[in-house]
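1. I'll drop the sequence and a predicted model, then ask my questions.
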Amino acid sequence: MRLKHLSIHHLELPLVSPFTTSFMTQTHKRCFLIEAQVETTDGALVTGWGENVALDRPFYSAEHLDGAAEVVTRWLAPALAAREDLNPERVSGLLSHVIGQPMAKASLEMAILDAALRAQGRSFHDYLGAVRTSVPSGVSVGIQDSTADTVRVIGGYIDEGYARIKLKIRPGADIAPVAAVREEFGDDLLFQVDANAAYTLADATTLAKLDDYGLLLIEQPLGEADLRQHSQLRSSLRTPICLDESIDSPEAAADAIALRAVDIINIKPGRVGGYLAARKIHDLAVANGIAVWCGGMLETGLGRAANAALAALDGFTLPGDISGSDRFFAEDITTTTIRMHDGIVEVPRGSGMGVDIDRAKVEKYRTRLQEVAL
Ligand code: OSB
Ligand code: MG
């Protein structure tokens with residue numbers, strides 16, 4: 001197949017409530033969707049969609065949204081356009097001369113993958129060889145203004161039926177809210193925390209206090225480049241260490257495992273360069289006895305559908321950040337949306353990534369449309 005045309009739809013969706021991490025507060029979700037038009041070898045024109053998960057500021061990873069759009073349009077898409085023999089499995093190799101930019105690359109590969117699967121009438125779930133048709137649904141809870149608010153907000157998600165709670169922490173908003181949540185909801189609650197790189201090794205004593213609360217894991221306590229320090233911290237904590245920001249490729253995952261820096265990996269397809277790299281990390285982790293779960297980046301219904309399919313692979317043994325669309329959005333841009341019930345979400349299994357784009361909703365939330373002729 002051949003890539004003929006890209007439309008980049010820049011979107012801004014209001015969040016139902018502000019989302020605060022150790023690095024920023026988001027009130028809106030900004031992202032772009034790539035609509036790729038491809039011509040198959042038998043001459044059919046097919047459209048595929050990809051979602052870019054870069055944040056609008058480079059505070060979580062080195063990429064930012066407008067930069068990712070520029071990288072896609074100036075360097076990535078042109079590198080694919082010349083090829084008559086394009087297929088999803090070739091995309092990452094064709095883009096490897098561009099250094100870094102995993103989220104930009106992931107979004108373009110996703111659009112090509114969606115188009116290729118739609119051309120075959122095949123679902124991503126089937127393509128992956130996933131067997132489970134539903135996955136446990138966890139929710140990521142932002143830092144709240146007070147411990148009382150934390151308990152109230154988490155209580156709401158427990159009442160809704162979420163299978164697992166992840167609470168964002170930062171220095172000064174860590175032990176007290178964690179202790180209060182355990183006290184209120186008991187030891188059976190599947191509960192974990194995410195520091196988004198807010199600590200250093202000098203905080204090892206504080207972090208060790210979390211060992212008293214039976215957490216499933218602590219996610220990314222230290223800086224993204226600090227594999228060696230995570231290895232050192234790991235030997236002084238009982239709470240399992242999960243890496244998010246540090247794992248930006250399959251190679252980084254292999255290094256973290258070799259350095260004994262990690263017990264559990266949060267796999268986010270955008271952060272690691274795409275869904276195919278995500279599957280490689282899954283396979284590598286399974287082979288090394290490392291548990292994985294699927295992370296999220298406040299995706300729209302498109303990205304969440306694809307994440308749910310990925311999370312249906314066997315090695316995803318922990319609940320992911322695959323909450324219902326209504327966790328973040330009053331209205332989504334896909335015709336069917338992800339819903340959580342009884343602690344699970346069903347994996348959408350329509351053609352391609354499993355869901356269809358609602359063009360009226362895309363137009364409603366669109367701030368800019370870029371056309372890229374190739
Ligand atoms: O660290 O997992 C994270 C959102 C934006 C940036 C980083 C993270 C997150 C989340 C959201 O925790 C999880 C979700 O999409 O449900
Ligand atoms: Mg995280």
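-> Good, I have the coordinates. Ligands and ions are numbered 1, 2, ... in the order given.
2. got the phi/psi numbers for residue 241?
-> Main-chain torsions, residue 241, degrees, to the nearest 10: phi -100, psi 130.
3. what about it, neighbour count?
-> Other residues within reach of residue 241, judged by other CB atoms under 10 Å, total 22. Glycine gets a C-beta too; all of them are placed from N, C-alpha and C.
4. isn't it up against residue 217?
-> Yes - counting by CB atoms under 8 Å, residue 241 does reach residue 217; the two are 7.0 Å apart.
5. what do the two both touch?
-> Common contact partners of residue 241 and residue 217 (CB atoms under 8 Å, 6 or more residues apart in numbering): 263, 264.
6. tell me, how many residues neighbour the residue in the stretch 201-350 of the chain positioned nearest to ligand 1?
-> Among the residues of the stretch 201-350 of the chain, residue 296 lies nearest to ligand 1; the distance is 2.5 Å by CB to the nearest ligand atom. A count of nearby residues for residue 296, using other CB under 10 Å, gives 24.
7. that one and residue 324 touch, don't they?
-> No - using CB under 8 Å, residue 296 makes no contact with residue 324, being 11.6 Å away.
8. so residue 15 sits right up against residue 29, yeah?
-> Yes - between residue 15 and residue 29 there is a contact under CB under 8 Å: 6.0 Å.
9. show me which residues of the stretch 151-300 of the chain are close to ligand 1?
-> Counting by CB under 6 Å from any ligand atom, the stretch 151-300 of the chain comes close to ligand 1 at 194, 196, 244, 295, 296, 297, 298.
10. residues contacting the fifth one?
-> Think residue 296. With contact taken as CB under 8 Å, 6+ apart, residue 296 is in contact with 140, 268, 303, 304, 307, 320, 321, 322, 323.
11. helix or strand next in line after the helix or strand residue 10 falls within, which one?
-> Element membership of residue 10 [criterion: DSSP states H and E] is strand 2-20. Downstream of strand 2-20, the first helix or strand assigned by DSSP H and E is strand 25-39.
12. give me the number of residues near whatever residue of the stretch 101-250 of the chain ends up closest to ligand 1?
-> At 3.6 Å from ligand 1, residue 140 is the closest residue in the stretch 101-250 of the chain, using CB to the nearest ligand atom. By the criterion of other CB under 10 Å, residue 140 has 24 neighbours.
13. tell me which other helices or strands the strand or helix carrying it touches.
-> Assigned by DSSP H and E, residue 140 belongs to strand 138-141. Judged by 3 or more CB pairs under 8 Å, 6 or more residues apart in numbering; DSSP states H and E, strand 138-141 is in contact with helix 147-160, strand 164-168.
14. any weak-confidence spans in the stretch 101-250 of the chain?
-> For the stretch 101-250 of the chain, applying pLDDT under 70 flags no range at all.
15. all strands of it, in order?
-> 134-136, 138-141, 164-168, 191-194, 218-219, 241-243 (DSSP state E, counting those that start in this stretch).
16. would JSON lines of those with distance to residue 121 be doable?
-> Output for those, formatted as JSON lines (distance: least, CB to CB, whole Å):
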{"stretch": "strand 134-136", "distance to residue 121": "22"}
{"stretch": "strand 138-141", "distance to residue 121": "31"}
{"stretch": "strand 164-168", "distance to residue 121": "34"}
{"stretch": "strand 191-194", "distance to residue 121": "38"}
{"stretch": "strand 218-219", "distance to residue 121": "38"}
{"stretch": "strand 241-243", "distance to residue 121": "37"}
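17. could you chop the protein up by domain?
-> Using automatic domain parsing, the domain parsing of the chain gives 2-121+359-373, 126-346.
18. now those as CSV including distance to residue 353?
-> Shown next, in CSV, are those (distance: least, CB to CB, whole Å):
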stretch, distance to residue 353
domain 2-121+359-373, 5
domain 126-346, 4
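19. quick one: these as JSON lines, columns for distance to ligand 2 too.
-> JSON lines is the format used below for these (distance: least, CB to the ion, whole Å):
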{"stretch": "domain 2-121+359-373", "distance to ligand 2": "8"}
{"stretch": "domain 126-346", "distance to ligand 2": "4"}
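20. out of the ones you listed, which comes closest to residue 352?
-> Residue 352 lies closest to domain 2-121+359-373 among these, at 4.0 Å (CB to CB).
21. for residue 95, what are phi and psi?
-> Phi and psi for residue 95, reported as degrees, to the nearest 10, are phi -110, psi 0.
22. got the contact list for it?
-> Counting by CB under 8 Å, 6+ apart, residue 95 touches 76, 79, 80, 105, 108, 109.
23. widest-spaced pair of those?
-> It's 79 and 109 that sit farthest apart of those, by CB to CB, at 12.0 Å.
24. between those two, which is the more surrounded one?
-> Ranked by neighbour count (other CB under 10 Å), residue 79 and residue 109 place residue 109 first, with 27 against 16.
25. right, and the more buried one touches residue 89 too?
-> No - the pair residue 109 / residue 89 is not scored as a contact, 9.5 Å apart, by CB under 8 Å.
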